[in-house]
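> give me the fold of what follows.
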Amino acid sequence: MAKIQRRDMLKGTAATAMGAALAPGLAAPANAATLSHCDTPGRANFPKVGGNLGNQNFTALGGVHHGNVHRLGAAWVNRIEGGLTTGTNQSTAVAVDGVLYIESALGNVFAVDGATGVTKWVYRQTRGTLTRRGVGVGQGMVFTHGRGSWIIALDQETGQVVWEKQITGFGNMEKVAVTYHDGRLYCGTHDGDRGAALALDASNGEVVWHFWGAPGPGEIGNDTWEGQSWQTGGATPWLHPAIDPELGLVYWAFGNARGSKSSQDGSQRGGLNLFSSALVAIDLETGEYRWHFQSIHHGIWDMDNTMAPVLADVRIHGRMRKVVVYGSKCGMYYILDRADGSAPLGIDERPVPQEPRQKTWPTQPFPRQGSWTETMVVDQPLGTAIPGDPNRAVPNYVRGPLYAPHWDIPVLSIPGHGGGADWAHQSFSHSTGFVYTGFGYVAAAHSLTEASNGLRPPGEYQTGGVVAVDASTNLVRWKKHLPYSVAHGNGILTTASDLLFIGQPDGNLLCLDARTGRELWRFQTGAAISSSPIMYEVDGQQYLAVYAGGTGIPYGDSAPRGDFLWAFKIGGTVAPAPTPTPPVVRRPVSGSPVEGSTVGNTVVIGRTYNPATGQIGATESTGVNAMGPTHLRVPAGTTVTFTNHAGNAGVRGATQFFEGLFDIRLQPGASFQHTFHDKGEYFFNDPSSPRSTGKIEVF
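Next comes the predicted model:
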């Protein structure tokens, strides 16, 4: 391959996507007067995760509309695993010729009659459970994964194994939705030191080509990694790609850079770190590099932009353009010409704060139209409205803007590595011209003192909403706040009748007006929804379907689990599921509740607590669990004592948030008391070390 073509990323601004590069000989963008093949929405079928090759999650079916959506009811429900109430359920169903194909939390594959809900066949996984996001269907086969990087082809009619192939040497290949097109499977890897995008022969699983997210010596992009850091660079393509057969390109979003220590440590991997946090256009036939756009240079925040790309044909400045829409955790869309990676609406490289020890890159790319979520935490005074602004800051942390650097002191920023859009599936509506995504406000604190990818501070509110962005202008048309984050698999379906469907972590499936965001309908499915709704047609009857199973992000075990595969039609009469206990919206403290009477209604600041022995830690701690105990449970009217352990080195304290009941500093050995009169939960952290957080539960 030719040496990478790089634009000057340090000087000035430009109307094109800085950091994009175009391989020689690629044709200029065409004027698209009609929808291209990848844009054609399905009617009877919903044949792949994302709906079509452009991942538009749009249906041309319009039988459910504003005039009758109030009559939408459940046609059937199938507890596919017989009543499972555990696991990680992130799989989206596909519908082909009246049959739904779905993976369960156990890794089993089910074929379900789309009209009756009757299970036609089951493939039982033999290699253990793993996270699943959806099967591929083609050539009379259904394609799924098995633990240990196996790809498995099942007979579409019977579920019998046609072939199995273990694919090693490219990273873990177990949970990325399989994309089938024209005799090939496109599979991404995940959660490894180094990842690759793969094209496989659908007839036998043989690798046709591969493309590394962190290139090795002699490969395009390797010189953007310091030394041997590419070997542990991460950059895994852990969501499915989009495909444009006319241009002969597959578009893959690669994940964040990692490094030898953590995704927050850039000190030993200087450079841009391509192709981390980048969209790469790859030749569909050969796997050769065509162009790329990197949305985060030398990332140190786990803020990878890896939502499945969406392809659309839209009119920009009076000209039809074939575009790819891409973005994610940063809360911004990058709208690029999908032939050459240029930015018809403008993306500018702007200076950002620097930390030389982290070898931070001097600029980051910002769309001229701005973001669709807040990018700075709000310093809302304690004691004001509860919960108040959904992106208000947990107190006492150092706060920074998007891309604020860090070192040894945690810096709080938003949307956070669990916020923005994360991996929620987007939708592009052919009717409205809007791109829709579910998003989350999950502020995060980053520093090298944090393990893995950063700290989501205990006590913060984890909320979110839905946003509609005009794909021709990259401007927000409407935004609707919801009580939950809907950034983790909570995909959106839009319809030709201007309806929008999205599931929440509390089990409710919502229908909104796609033009205004106004709620029109809701249905309780019985478990958190971490997948995308789909629409299909059988014998002239139109159905909406969704899998409600639940996952642990961001609400942990408080998100209700299940194995409910639902189908809906106008006039459906199956009753909703019982309402489950809703998720805990505030980030929980570390540790289980301890009855106040067992510890003298006392919290020792700066020390851990062992619930098995009832002992306070022997040494001072600044850990998240350095409140002894972290979760104290007392009846209303109880006076609680807060003590800075006499053996601590200096001033420690307690700031109660967000009610603002107290904000104290204590010398070693000093105490403070507060009487809790009203039922509720009252979080507090240490102004000297805000990571240390506790909660008083008053009953």
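> show the backbone phi and psi for A654.
phi -150, psi 120 (degrees, to the nearest 10).
> so for it, what's the pLDDT?
In this model, A654 is scored at 98, pLDDT.
> do the same with the one 5 residues further on
You'll see E659 listed with a pLDDT of 95.
> wait, A559 touches G550, no?
Yes - with contact defined as C-beta atoms under 8 Å, A559 counts as touching G550 (4.8 Å). From N, CA and C alone the C-beta is placed, and that goes for glycine too.
> now the common contact residues for the two.
Taking C-beta atoms under 8 Å, 6 or more residues apart in numbering as the criterion, A559 and G550 both touch 505, 528.
> who's more crowded, the two?
Applying other C-beta atoms under 10 Å to A559 and G550 shows that G550 carries more neighbours, namely 34 against 27.
> I figured that one hits S531, correct?
No - using C-beta under 8 Å, G550 is not in contact with S531; the gap is 9.7 Å.
> where do the contact lists of these two overlap?
Listed as contacting both G550 and S531 by C-beta under 8 Å, 6+ apart are N89.
> so where's the protein shaky on pLDDT?
1-37 (pLDDT under 70).
> tell me where it has helices.
Counting by DSSP state H, one finds no helices in the chain.
> so what's P237 closest to, chain neighbours aside?
G188 (3.7 Å; C-beta to C-beta, 6 or more residues apart in numbering).
> how close does the one you found sit to K175?
9 Å (C-beta to C-beta, to the nearest Å).
> check F657 too.
For F657, the distance to K175 - C-beta to C-beta - is 36 Å.
> what's the answer for A577, then?
For A577, the distance to K175 - C-beta to C-beta - is 26 Å.
> ditto for H488
The value you get for H488 to K175, if C-beta to C-beta is used, is 13 Å.
> ok, back up a step: hang on, the residue nearest to P237 packs against L200?
No - with contacts counted by C-beta under 8 Å, G188 stays clear of L200, the gap being 11.5 Å.
> higher neighbour count, the two?
Neighbour comparison, G188 and L200: the larger count goes to G188, with 30 against 24 (by other C-beta under 10 Å).
> dig out what that one forms beta bridges with.
Beta-bridge pairing of G188 under DSSP bridges involves A197.
> got a list of what it touches?
G188 neighbours (C-beta under 8 Å, 6+ apart): 173, 176, 195, 197-198, 236-241, 252.
> inside strands: which ones of those?
197-198, 252 (DSSP state E).
> the residue lying closest to T86 once chain neighbours are set aside: neighbouring residues, count only.
What sits nearest to T86 in space, not counting adjacent residues and going by C-beta to C-beta, 6+ apart, is R561, at 5.4 Å. By other C-beta under 10 Å, 23 other residues sit near R561.
> isn't R561 right up against G83?
No - contact criterion C-beta under 8 Å: R561 and G83 do not qualify, at 10.7 Å.
> now do the same contact list for Q542.
Applying C-beta under 8 Å, 6+ apart, we find Q542 in contact with 61, 63-64, 535-536, 569-570.
> which of the residues you listed tops the neighbour count?
Most surrounded of the contacts of Q542: other C-beta under 10 Å gives M535, at 31 neighbours.
> not counting sequence-adjacent ones, nearest residue to that residue?
In space, M535 is closest to T59, 4.0 Å off (C-beta to C-beta, 6+ apart).
> for H481, see how far away the one you found is.
26 Å.
> which residues in the stretch 251-400 of the chain form strands?
Listed in chain order, the strands of the stretch 251-400 of the chain (DSSP state E, counting those that start in this stretch) span 278-283, 289-294, 310-316, 319-327, 333-337, 347-351, 363-367, 398-399.
> biggest separation within the contacts of Q542, which pair?
Within the contacts of Q542, Y536 and I570 form the most distant pair, 14.4 Å apart (C-beta to C-beta).
> what's the end-to-end length of stretch 504-516?
Taking C-alpha to C-alpha, to the nearest Å, stretch 504-516 runs 19 Å from one end to the other.
> what sits against T641?
Contacts here follow C-beta under 8 Å, 6+ apart; on that basis T641 touches 600-603, 671-673.
> just these now: which is nearest Q524?
For those, the nearest to Q524 is V603 (38.4 Å; C-beta to C-beta).
> the closest residue to the closest one other than its chain neighbours: neighbour count?
Nearest residue to V603 in three dimensions, chain neighbours excluded: F642, at 5.2 Å (C-beta to C-beta, 6+ apart). When neighbours are defined as other C-beta under 10 Å, F642 has 24 of them.
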